[in-house]
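A.B. asks: Everything below, folded, please.
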Amino acid sequence: MGRKERTGSGSNTIPRRLPGGLHKSPVDHRGDTFAISYRKRETMIETAYILITLDRGTPAEVAQEVRKIPGIVRADVTMGEFDVIAIAEMEGTKGFSPLASRIKTIAGVDRVVTCVVVYP
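C.D. replies: Okay, here's the model as predicted:
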(Lines give C-alpha, C1' and ligand atoms only; values in the text may rest on other atoms or scores of the structure.)
Protein backbone atom coordinates (compact mmCIF):
# COMPACT_ATOMS: atom_id res chain seq x y z
CA MET A 1 0.00 0.00 0.00
CA GLY A 2 1.89 3.02 1.18
CA ARG A 3 2.77 5.06 4.19
CA LYS A 4 0.15 6.05 6.78
CA GLU A 5 -0.24 9.32 8.61
CA ARG A 6 -2.53 10.28 11.46
CA THR A 7 -4.27 13.63 11.35
CA GLY A 8 -7.09 15.38 13.20
CA SER A 9 -10.65 15.12 11.90
CA GLY A 10 -11.24 18.71 10.54
CA SER A 11 -10.77 19.24 6.81
CA ASN A 12 -8.39 16.30 6.52
CA THR A 13 -11.31 13.86 6.36
CA ILE A 14 -12.01 14.67 2.70
CA PRO A 15 -10.03 12.66 0.10
CA ARG A 16 -7.44 14.86 -1.64
CA ARG A 17 -5.51 14.35 -4.86
CA LEU A 18 -1.73 14.44 -4.51
CA PRO A 19 1.03 14.66 -7.16
CA GLY A 20 1.92 11.48 -9.03
CA GLY A 21 -1.60 10.03 -9.11
CA LEU A 22 -1.64 9.43 -5.35
CA HIS A 23 -4.85 9.98 -3.42
CA LYS A 24 -5.17 10.80 0.25
CA SER A 25 -8.26 9.20 1.73
CA PRO A 26 -9.52 8.30 5.19
CA VAL A 27 -9.51 4.57 5.81
CA ASP A 28 -9.99 4.15 9.56
CA HIS A 29 -11.72 6.29 12.20
CA ARG A 30 -10.52 6.10 15.80
CA GLY A 31 -11.97 8.79 18.05
CA ASP A 32 -10.94 12.15 16.60
CA THR A 33 -8.18 10.65 14.47
CA PHE A 34 -8.20 9.15 10.98
CA ALA A 35 -5.59 6.84 9.52
CA ILE A 36 -4.75 8.25 6.08
CA SER A 37 -3.59 5.95 3.32
CA TYR A 38 -1.51 7.11 0.36
CA ARG A 39 -2.10 4.87 -2.64
CA LYS A 40 -2.06 4.91 -6.44
CA ARG A 41 -5.51 5.40 -7.94
CA GLU A 42 -6.54 2.25 -9.77
CA THR A 43 -8.10 2.65 -13.22
CA MET A 44 -11.19 0.58 -13.89
CA ILE A 45 -11.05 -1.60 -16.97
CA GLU A 46 -14.40 -1.35 -18.76
CA THR A 47 -15.83 -4.03 -21.04
CA ALA A 48 -18.22 -3.64 -23.98
CA TYR A 49 -19.88 -6.02 -26.41
CA ILE A 50 -19.70 -4.71 -29.97
CA LEU A 51 -22.53 -6.08 -32.13
CA ILE A 52 -21.83 -5.85 -35.86
CA THR A 53 -24.22 -6.30 -38.80
CA LEU A 54 -22.85 -6.67 -42.34
CA ASP A 55 -24.40 -5.59 -45.63
CA ARG A 56 -21.86 -7.48 -47.68
CA GLY A 57 -18.58 -9.27 -47.23
CA THR A 58 -17.65 -12.39 -45.36
CA PRO A 59 -18.19 -12.37 -41.58
CA ALA A 60 -14.92 -14.27 -41.06
CA GLU A 61 -12.93 -11.59 -42.91
CA VAL A 62 -14.63 -8.78 -40.98
CA ALA A 63 -14.01 -10.57 -37.65
CA GLN A 64 -10.34 -10.94 -38.60
CA GLU A 65 -10.07 -7.20 -39.32
CA VAL A 66 -11.88 -6.30 -36.08
CA ARG A 67 -9.39 -8.43 -34.08
CA LYS A 68 -6.55 -6.19 -35.34
CA ILE A 69 -8.02 -3.08 -33.69
CA PRO A 70 -6.40 -2.10 -30.38
CA GLY A 71 -8.81 -2.67 -27.50
CA ILE A 72 -10.55 -5.65 -29.08
CA VAL A 73 -9.88 -8.78 -27.05
CA ARG A 74 -12.10 -11.15 -29.03
CA ALA A 75 -14.26 -11.17 -32.18
CA ASP A 76 -16.47 -14.08 -33.21
CA VAL A 77 -18.71 -14.85 -36.18
CA THR A 78 -22.29 -15.55 -35.09
CA MET A 79 -25.56 -16.72 -36.61
CA GLY A 80 -28.58 -14.54 -35.93
CA GLU A 81 -29.35 -10.83 -36.03
CA PHE A 82 -25.67 -9.88 -35.74
CA ASP A 83 -22.93 -11.30 -37.96
CA VAL A 84 -19.95 -10.57 -35.70
CA ILE A 85 -19.79 -9.97 -31.95
CA ALA A 86 -16.62 -8.50 -30.48
CA ILE A 87 -15.52 -7.90 -26.91
CA ALA A 88 -13.57 -4.73 -26.16
CA GLU A 89 -11.73 -3.73 -22.99
CA MET A 90 -10.47 -0.22 -22.22
CA GLU A 91 -9.62 2.08 -19.34
CA GLY A 92 -12.84 4.05 -18.93
CA THR A 93 -15.73 4.20 -21.40
CA LYS A 94 -14.66 7.19 -23.52
CA GLY A 95 -12.71 5.02 -25.95
CA PHE A 96 -15.67 2.87 -27.04
CA SER A 97 -17.20 5.48 -29.36
CA PRO A 98 -14.00 5.95 -31.44
CA LEU A 99 -13.60 2.17 -31.47
CA ALA A 100 -17.11 1.75 -32.93
CA SER A 101 -16.35 4.47 -35.51
CA ARG A 102 -13.19 2.60 -36.51
CA ILE A 103 -15.17 -0.65 -36.95
CA LYS A 104 -17.69 1.17 -39.19
CA THR A 105 -14.87 1.94 -41.65
CA ILE A 106 -14.28 -1.78 -42.33
CA ALA A 107 -15.61 -2.81 -45.75
CA GLY A 108 -18.97 -4.56 -45.50
CA VAL A 109 -19.95 -3.26 -42.05
CA ASP A 110 -23.49 -1.86 -42.07
CA ARG A 111 -24.28 -1.26 -38.41
CA VAL A 112 -22.40 -1.26 -35.09
CA VAL A 113 -24.09 -1.40 -31.68
CA THR A 114 -22.01 -0.91 -28.52
CA CYS A 115 -23.25 -2.41 -25.24
CA VAL A 116 -21.14 -1.39 -22.23
CA VAL A 117 -21.16 -3.94 -19.41
CA VAL A 118 -22.60 -2.61 -16.14
CA TYR A 119 -21.69 -4.24 -12.85
CA PRO A 120 -24.53 -3.64 -10.33
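A.B. asks: hang on, Val109 packs against Pro59?
C.D. replies: No - with contact defined as Cβ atoms under 8 Å, Val109 does not reach Pro59; the gap is 10.4 Å. Every C-beta, even on glycine, is put in place using the N, C-alpha and C of the backbone.
A.B. asks: so where is the chain shaky, pLDDT-wise?
C.D. replies: Within the chain, the stretches with pLDDT under 70 are 1-42.
A.B. asks: what's the domain layout of it?
C.D. replies: 4-40, 45-116 (automatic domain parsing).
A.B. asks: one step back: out of Val109 and Pro59, which sits in the more crowded spot?
C.D. replies: Regarding Val109 and Pro59, a neighbour count based on other Cβ atoms under 10 Å identifies Val109 as having more, with 21 against 18.
A.B. asks: partner residues bridging the more buried one?
C.D. replies: Beta bridges link Val109 to Leu54, judged by DSSP bridges.
A.B. asks: I'm done for today, thanks for sticking with me.
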